Every structure is written in C-alpha cells, then in structure tokens.
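*Asks:* Quick one: sequence plus predicted model below, questions after.
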Amino acid sequence: MTETLFVNIPTIESIKRLGLEKSDSNIAILLDMFTQEELGVDIRREIVSSIGRQKNNDKIYEFLNREAFSNHYMEVIYQMFRTCLYKSKEDARFADLRDRILRHYNNEVMQKMLEYSIFRQQKKMSLKPQRKILKPSLLVGDNRITLNKIQEQQIQLIFTSPPYYNARLYSDYKSYHDYLDSMKDTLKQCYRILENGRFILINVSPVITKRAGREFESIRYPIHFDFHKILCDSGFYFIDEIIWIKPEYSVPNRIAGYLQTKKPLSYKPNCITESIMVYRKNTPFLLDKNIRDYDKNLKNDDEIDSTNCWYIAPKFDKNHPAVFPEELCQKVLKYYSFKGDVVCDPFAGSGTFGKVANTMGRIPLLCEQNLDYAEKLKQRGFDEI
C-alpha cells in the first residue's frame, strides 16, 4: 500500500522519506518513480537526490550513467553531478562519470561545484598570510609596478574609480584597447594582493570622447560592460551592480538639444547614474568562511540600504576633477569590510576613501602616481612604502 501511494502521488516529503531509509525496495521505487512523465523539476530533482542517498552503488551508477546525458533540465543534471561528487569519494566509477558529465556539458556551475568539492576534501587548510600593513600607507607611482611591494592576500577590500578613458588630462591613453590593457594589468595586481574570497568594487560609467572636429562623431564607450570582461579575466566573478543615482542638477545637460528640436533620433538623456560593480575573488569556498574569521559580535548598525540604488549627491573639489563622496565610501566600507581590515584604493586621487576608511577603523592603503596628489596624501598622514 505504501509503495502504491509513493508511486502514484509523489511529494517532496514522501520522496525524502524514501531516501532516508536505505533499502533495495526503496531504490526500486525511486527508480520507477523517476520514469513517470510530467513530473515537476523540483520533484524530479528530489528523486535524484534520494537515489543518491541509497547504498546500492551499482544501481545508482547505472541510473546516472544512463540519465545524466539525457534531455533533462539542468537543475536535475546538477543534482546528478552532485551525487557523483559525493560518491566519487568511495567509488572510482563515479569520479570517471563526474569528469565525463563535466566534459559533456562544459558548464560553469558544475565547474564551481567541483572546485568547492575538492577544497572540502583537502586535509590541510592554507594559513592566512601574516598581516604586514599596520598603518595608513601610500604607494607612489604606477600601481602596476608599486603594488609589487605588497605581499599576496594582504588586502581585505578594494574600492576604486579607475581613470576615465581620455576624459581627463591625467588619463591620456593611445587607444581604448591600450586603456583596457592597462586596467587589466592593475586588476591582476588587485587579484594577487586581495585575500581569498574578498570583494573588489569598481565605480565606472560610460565615457564620451570629444569630437576630433565638427565633421566627426564623438564615441561613447560602455566602460562598465568592458570592465566585466577584464574583471572576470583577472580572476573575479560578478556579485552585484549597485546603481549610484545623482541629482539631475549635478550632471552635464545632454537633453538640451532634443528639447529645442524635439526631433526623433536626437534624444540623449541626462545620465544621473554610475555603476558600482561588485565582484568577489574567485575561490573554492563560501563567504561564510571569510565571516567566521571575525568576532561574532562585530556587526553593523540597524540602518541598511535595502536596494541596489544608492541616492548620493556627488562631491566637487577644486583640487581634483573626480572625487568620491564620503557617503559613498562609508556605505562601501560598512557593507564590504570589518573594522581592522586593510582596504585599498589603487587610484586614490585626493584620498577620500583612505580618509573615510581611517575614520571608520580600517587601515587604508592608497596608490597614486600624480606627485602633487601624492604629496598632499603624505601631508595627511599616509606614510610612503
């Protein structure tokens, strides 16, 4: 009677009960249940999970070897792959099947699952490097070179706004390709110095170049799109995009031409947003491991920004054309670092991020190649390394 109930009316709860009790009769029920048509994805996935909990490796292997290459939803395939990961510890057949499934699908989720599984099976955990940066510090010069002075995994957070391509005198590059190559070299250094599993946040927005003449069209570069690729190429993976929204009065007016003519095709909206691109250093463990490194009593206050839209007015400074608002730095530090962390801005400029970090109990490391800006940072207490 019980068998008929499970076969005719499969539910998540009934399938889990079958999985918990390991027997030849239960695996037979589960295998038969999987062949039923019109099962939902969640039900089918739970059946695979319960089959994987059984002890009869011969039947489990036969099932997976047959079904893993069939036309199933990827959620179901992931569960099959997960079963192979666990079973491979005790049966080499499943390790071979695991590798064949991975080659067959060439799937990024499965690759991540494998990396996590291998990490968990390692007997020895690598020790965290001893911290070397103990006070507000400054590197003067090209960060692609000066960051070589910093040992691996010394930094717990990186936040910066790279120079906008040929939009300022201090950011003149031969070509856009040359600009992206330069940024990628910096990001490779960022990956090296950032602690495993920690965050890098990049503030970018599209940039438009001036016309070479009235008869030529200007070019607008989608820098944030291209930064995604070079961040991934450098070893980071995407977490979030936070939209920094500024008051309209504070941005250049691009809509005026359209308002005069009302001609279609001439529309250019005023750009009141910038992107805060949030990425994590690719690593084979969950974020929980990073959090466990800290005292469990270390928590933020109750005030939160619950959406990915942050409304912050920009800051203007006569000594620097692109300055972080302090409020923006405060939010980044609050949500992506702990007190006592070493935090880095590879393109420090006027050093607002370092100033706010110091105030909030973090240890800032700034990089700046403009000698005038660097001298001002020294005067504000940043010791050159």
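*Replies:* Sure, I can see it. Owing to the predicted nature of the structure, the values given are computational and were not obtained by experimental measurement.
*Asks:* CA only for contacts and neighbour counts going forward, please
*Replies:* Fine.
*Asks:* what about stretch 293-313, how long is it end to end?
*Replies:* 35 Å (Cα to Cα, to the nearest Å).
*Asks:* centre of the chain versus that stretch, how much separation?
*Replies:* Relative to its chain's centre, stretch 293-313 lies at 18 Å (Cα atoms, centre = their mean, to the nearest Å).
*Asks:* which secondary structure elements does the helix or strand hosting residue 288 contact?
*Replies:* Per DSSP states H and E: residue 288 is located in helix 287-291. For helix 287-291, the elements it packs on are strand 194-204, judged by 3 or more Cα pairs under 8 Å, 6 or more residues apart in numbering; DSSP states H and E.
*Asks:* thought residue 283 was touching residue 197?
*Replies:* Yes - the pair residue 283 / residue 197 is scored as a contact, 5.5 Å apart, by Cα atoms under 8 Å.
*Asks:* ok, the two, which is more surrounded?
*Replies:* A direct count of neighbours by other Cα atoms under 10 Å for residue 283 and residue 197 places residue 197 higher, at 21 against 18.
*Asks:* if I read this right, that one contacts residue 281, doesn't it?
*Replies:* Yes - with contacts counted by Cα under 8 Å, residue 197 reaches residue 281, the gap being 5.0 Å.
*Asks:* Can you tell me the closest non-neighbouring residue to residue 77?
*Replies:* Excluding the flanking residues, the one nearest residue 77 by Cα to Cα, 6 or more residues apart in numbering is residue 68, at 6.0 Å.
*Asks:* That neighbour: what's it in contact with?
*Replies:* 77, 80, 81, 101 (Cα atoms under 8 Å, 6 or more residues apart in numbering).
*Asks:* could those residues be laid out in JSON lines, adding distance to residue 308 and pLDDT?
*Replies:* JSON lines is the format used below for the contacts of residue 68 (distance: Cα to Cα, whole Å; pLDDT from 0 to 100):
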{"residue": "77", "distance to residue 308": "32", "pLDDT": "98"}
{"residue": "80", "distance to residue 308": "35", "pLDDT": "98"}
{"residue": "81", "distance to residue 308": "34", "pLDDT": "98"}
{"residue": "101", "distance to residue 308": "37", "pLDDT": "98"}
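*Asks:* and residue 43, which of the three is it?
*Replies:* Put simply, residue 43 is helix when judged by DSSP: H, G, I helix; E, B strand; the rest coil.
*Asks:* how about low-confidence regions in the stretch 201-350 of the chain?
*Replies:* Residues of the stretch 201-350 of the chain meeting the criterion pLDDT under 70: 317-322.
*Asks:* now the helices for it?
*Replies:* With helices called from DSSP state H, counting those that start in this stretch, the stretch 201-350 of the chain shows them at 223-233, 256-261, 287-291, 326-336.
*Asks:* Quick one: those as JSON lines, columns for mean neighbour count too.
*Replies:* What follows is the helices of the stretch 201-350 of the chain, written out as JSON lines (neighbours: other Cα atoms under 10 Å):
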{"stretch": "helix 223-233", "mean neighbour count": "16"}
{"stretch": "helix 256-261", "mean neighbour count": "12"}
{"stretch": "helix 287-291", "mean neighbour count": "12"}
{"stretch": "helix 326-336", "mean neighbour count": "17"}
